[in-house]
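Asker: Below are the sequence and a predicted model; questions follow.
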Amino acid sequence: LPIEDSQKRVRSRILDRDHPKGEVFGGDLQLEHELPEIPGFGGVTLHALVGWESEANTLIADVDGSELPILDDLQRNAWETWTGEFRFVSDSDGAFDWIVGAFAFDASLAGEHAPLTPFGDLRTRQQRQESGFAPFAQLTLRPLELLDGEPLAELELFGGLRYNVDHYDRDQTNFNTPEGCTPPFCVREFRTLDARKKFTETTYELGARWFVNDEHMLYAKFAHGYKAGLVELIALNGTVNNVTPELIDAYEVGWKGGWRDGQVQTAFTAFYYDYTDLQVPQLIQGQVLTSNAAAATIWGLEAELRWQ
């Protein structure tokens, strides 16, 4: 027998009960100012960038997938983020170029997560504060320009150093709202998470670029990077999930070239990434949690062609 059209549609009316809502506001300010020449350093330009973003959203997910409001998941979140970067950039025709600066950010989250059931609403509230500060420096050297006469080739050696300090503060409480509800349909407040974590790591980059001519360049570089750790509350049993920082050693070699007066751009890259404590999100009994893998490696080849 043919299936009626009414039986083919998704058996959920979550959008009839509540529509997702979201608002995002933001802006940024850029500043560039040439400073007086500094003896021994030449010209210097100050670059500053400040950004702000505010986001609020409400979402109800239909967990049971039926037409009835048996188990819906209400999520309300409000984010506010500030970022800023200040750089002093050298402006000289010599063999050295340098950049010195600092990056900072501050982000706050107020959120509520509430599975809505016929027996009551099981709510999770959290306040999260993340902030970071990272001074950095970068130096580029063209060693052949230190020799007498016109250099036979244009070779650049570059390196960068950055010290990262990240703070992760999280207050989270799981509790139920209806009065008079008794287990197994409700649970009392079973856990309050008050976590304060600080993560630090020095990251760096070393490499070389050889400009064969005006349109072709070979390069090789090595970089050591990191992603800050975090703290999560496991809703199922009320224990704490501590996630350590993720580290990466990245190796890359490549070639970039141009043809037909720049109309055709080509690039070939070979890379190898070696991860330590790779952070992997996993869905565990209805909750997305982050875990650290022991190690991981990624390698590959990449080719790119552009024709303008």
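Answerer: Yep, that arrived.
Asker: Which stretches in the protein count as helices?
Answerer: For the chain, applying DSSP state H gives helices covering 5-8, 14-17.
Asker: any weak-confidence spans in this protein?
Answerer: 1-19, 40, 62-71, 115-123, 149, 151-152, 173-193, 235-238, 285-286 (pLDDT under 70).
Asker: if you set the cut-off to 50 instead, what comes out?
Answerer: 1, 7-15, 176-181, 187-190 (pLDDT under 50).
Asker: partner residues bridging the residue nearest to the spatial centre of it?
Answerer: Most central in the chain under C-alpha atoms, centre = their mean is K227, positioned 8.1 Å from the mean C-alpha point. Beta-bridge partners recorded for K227 (DSSP bridges): E246.
Asker: List the residues that contact it.
Answerer: P245, E246, Q279 (C-beta atoms under 8 Å, 6 or more residues apart in numbering). The C-beta positions use only the backbone N, C-alpha and C, and glycine is treated the same way.
Asker: same thing but 10 Å
Answerer: For K227, the contacting residues are 164, 166, 199, 201, 243, 245-248, 275, 277-279, by C-beta atoms under 10 Å, 6 or more residues apart in numbering.
Asker: export the residues you listed to a markdown table and tack on neighbour count and distance to S131?
Answerer: Output for the contacts of K227, formatted as a markdown table (neighbours: other C-beta atoms under 10 Å; distance: C-beta to C-beta, whole Å):
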| residue | neighbour count | distance to S131 |
| --- | --- | --- |
| N164 | 20 | 12 |
| D166 | 21 | 7 |
| F199 | 17 | 11 |
| E201 | 19 | 15 |
| V243 | 20 | 17 |
| P245 | 19 | 16 |
| E246 | 21 | 19 |
| L247 | 17 | 21 |
| I248 | 18 | 22 |
| Y275 | 20 | 25 |
| D277 | 20 | 22 |
| L278 | 18 | 24 |
| Q279 | 17 | 19 |
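Asker: Narrow those residues to those in strands?
Answerer: N164, D166, F199, E201, V243, E246, L247, I248, Y275, D277, L278, Q279 (DSSP state E).
Asker: bridging residues for the first one?
Answerer: Following DSSP bridges, N164 is listed with bridge partners E201.
Asker: begin at 33 from here
Answerer: Right, with 33 as the first residue, what we last looked at is N196.
Asker: wait, it sits on F231?
Answerer: Yes - contact between N196 and F231 holds when scored by C-beta atoms under 10 Å: they sit 7.6 Å apart.
Asker: can you map out the strands along this structure?
Answerer: 53-70, 74-94, 104-123, 128-149, 152-173, 186-208, 223-243, 248-259, 262-265, 272-275, 278-291, 296-316, 319-339.
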